[in-house]
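my questions concern the predicted model and sequence given below.
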Amino acid sequence: MKLCQDWQKGEGVSRKMSQRVIPSERILMGPGPSNVDPRVLRALAAPVMGHLDPDFLAIMEDTMGLLRMVFGTKNQLTMPMSGTGSAGMETVLVNFVEPGDRVVVAVCGLFGERMVDILERVGAEVSRVEAPWGRAVDPEDIRRVAKERAPVKAICVVHAETSTGVRQDLEPVAAVAREVDALLIVDCVTSLGGMPVNVDEVGVDVAYSGSQKCLSCPPGLAPVTANDRALELLDRRRGKVPSWYLDLTMIRRYWGQERFYHHTAPVNMIYALREAVYLIVQEGLQNVYQRHARNMAALVAGLEALGVGDFLPPEGQRLASLAVIKVPEGVDELAVRRFLLREFSLEIAGGLGPLKGKVWRIGLMGYNSKPRNVILLLSALAAALRQQGVKVDLEASLAAALKVLSS
Ligand SMILES: *Cc1c(COP(=O)(O)O)cnc(C)c1O
């Protein structure tokens with residue numbers, strides 16, 4: 001509003017104004033978006049090309065090939081949808097589920113809830129299998145419900161539940177899906193590029209992700225992959241896909257050999273995604289996973305030594321990309337986050353829904369998973385806690401983290 005008023009007064013572009021438009025750098029250690037490698041930002045700034053330019057078609061091919069590598073799949077249909085992670089979620093649910101289909105959804109946090117919401121809009125008959133926020137869903141519960149409700153079209157799970165920091169192991173759910181002959185649909189928005197997903201090896205039929213979490217690209221693209229079994233069901237749909245924009249039966253004709261125009265591809269975002277995924281593949285997937293695991297272990301050790309190591313998920317169900325810890329009794333969680341942002345330009349997140357005011361969510365995703373961020377977070381959090389009169393032993397915390405980092 002103020003910006004418009006300045007313009008109307010004919011003041012031109014004041015220095016103050018340009019500062020409002022170009023944001024200063026932040027260290028994004030929340031649940032996403034995460035910081036972006038400068039090489040990715042440079043790719044984003046390359047000249048715009050036509051979305052049917054032969055050079056751009058080559059970039060699309062690269063992007064699909066690189067995405068197949070990080071997903072761990074040979075699936076022909078592997079490509080980024082235009083939109084954020086939620087567009088990926090909506091894409092797979094509107095394409096592979098039809099009105100009246102029975103679907104089982106594992107719900108133990110916000111993103112499982114979001115899947116249910118979309119599926120209800122699709123007109124599916126949804127059966128929820130729940131666990132408390134902070135725990136993974138028991139695959140035995142999924143098996144029981146899937147058998148009771150047979151025939152089931154699909155089983156949907158969130159691999160890394162960003163609202164709670166819980167990891168849902170995929171293998172046991174994949175076994176259930178095979179047993180009841182249902183599609184396995186997986187949200188790997190917060191795991192892809194930070195933890196092994198291995199779509200083909202595990203037996204995932206359909207998966208989606210988002211560009212701005214462990215892939216460390218700006219928000220705006222949603223990589224999706226689907227195997228032939230899922231595509232056969234898509235080809236046999238009883239009716240048209242209810243969303244025109246997210247209709248894979250049309251979009252795959254643009255990403256396939258036909259180059260059929262559907263909508264203008266977000267060209268520069270695709271340059272950026274190609275670069276981001278290239279950097280992951282170049283580092284080596286195993287190295288990337290090890291880096292995430294080691295930096296998270298260092299963060300955990302440091303937080304424990306700081307006296308704030310009360311994790312919401314039990315050990316064995318945690319993520320390498322995101323730590324969710326309970327806010328200590330008597331600490332003003334919002335004041336801590338404000339302090340971190342004001343004093344250190346450091347962003348972490350609070351809780352959502354039932355966890356509002358109760359937890360902090362600290363991400364070490366992709367480009368951000370590095371020792372210097374672990375040390376910064378521990379030091380800055382110690383300062384924030386001290387400011388609230390909490391006694392903390394920063395030296396012990398840093399020593400604990402450094403010990404993990406040097407091992
Ligand atoms: C962030 C996230 C989404 C949604 O992605 P947006 O980019 O916010 O639309 C979906 N699922 C999970 C697990 C997420 O972490």
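Received it, and whenever you're ready, just let me know what you need.

neighbours around the closest residue to the ligand within the stretch 201-350 of the chain, how many?
Among the residues of the stretch 201-350 of the chain, residue 210 lies closest to the ligand, at 4.1 Å counting by CB to the nearest ligand atom. Just so you know, the C-beta spots here come from the backbone N, C-alpha and C atoms, and that holds for glycine as well. For residue 210, the neighbour count with other CB atoms under 10 Å is 30.

now do the contacts for it.
32, 84, 85, 86, 88, 189, 219, 221, 222, 223 (CB atoms under 8 Å, 6 or more residues apart in numbering).

pop out the phi and psi values for it.
Here is the backbone geometry of residue 210 (degrees, to the nearest 10): phi -140, psi 150.

check it and give its pLDDT.
Confidence at residue 210, expressed as pLDDT, is 98.

which residue packs closest to it, ignoring adjacent ones?
Among residues not flanking residue 210 along the chain, residue 85 sits closest, at 2.8 Å (CB to CB, 6 or more residues apart in numbering).

mind listing what that neighbour touches?
187, 189, 208, 209, 210, 211, 212, 213, 222.

follow-up on the earlier one: now, the contacts of residue 210 that are in helices?
85, 86, 88 (DSSP state H).

the last one reaches residue 208, doesn't it?
Yes: Residue 88 is in contact with residue 208 according to CB atoms under 8 Å; the separation is 3.2 Å.

that older thread, from the ligand, how far off is the residue nearest to residue 210?
2 Å (CB to the nearest ligand atom, to the nearest Å).

give the buried residues for stretch 314-324.
317, 318, 319, 320, 321, 322, 323, 324 (16 or more other CB atoms under 10 Å).

what does the stretch 151-300 of the chain put close to the ligand?
158, 160, 162, 187, 189, 190, 210, 219 (CB under 6 Å from any ligand atom).

leaving out the residues flanking it, which one is nearest to the first one?
This points to residue 158. Leaving aside its sequence neighbours, residue 158 sits nearest to residue 187 (CB to CB, 6+ apart; 4.3 Å).

isn't the one you found up against residue 163?
No: assessed by CB under 8 Å, residue 187 is found out of contact with residue 163, at 11.6 Å.

what's the overlap in contacts for the two?
Contact criterion CB under 8 Å, 6+ apart; residues shared by residue 187 and residue 163: residue 111.

helices or strands up against the top helix by length along the chain?
Looking across the chain with DSSP H, the single longest helix is helix 285-306. Here helix 285-306 touches strand 322-326, helix 371-387, helix 394-406, going by 3 or more CB pairs under 8 Å, 6 or more residues apart in numbering; DSSP states H and E.

can I get the second one in CSV, CA atoms only?
Coordinates of each C-alpha in helix 371-387 appear next as CSV, following Å, rounded to 0.1, in the frame of the first residue of the first chain:
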residue,chain,number,x,y,z
PRO,A,371,28.0,-28.1,9.5
ARG,A,372,28.1,-24.3,9.6
ASN,A,373,24.3,-24.2,9.9
VAL,A,374,24.3,-26.7,12.7
ILE,A,375,26.8,-24.6,14.7
LEU,A,376,24.9,-21.4,13.9
LEU,A,377,21.6,-22.8,15.0
LEU,A,378,22.9,-24.1,18.3
SER,A,379,24.7,-20.8,19.1
ALA,A,380,21.7,-18.6,18.1
LEU,A,381,19.2,-20.8,19.9
ALA,A,382,21.4,-20.7,23.0
ALA,A,383,21.4,-16.9,22.8
ALA,A,384,17.7,-16.8,22.4
LEU,A,385,17.1,-19.1,25.4
ARG,A,386,19.5,-17.1,27.6
GLN,A,387,17.7,-14.0,26.7
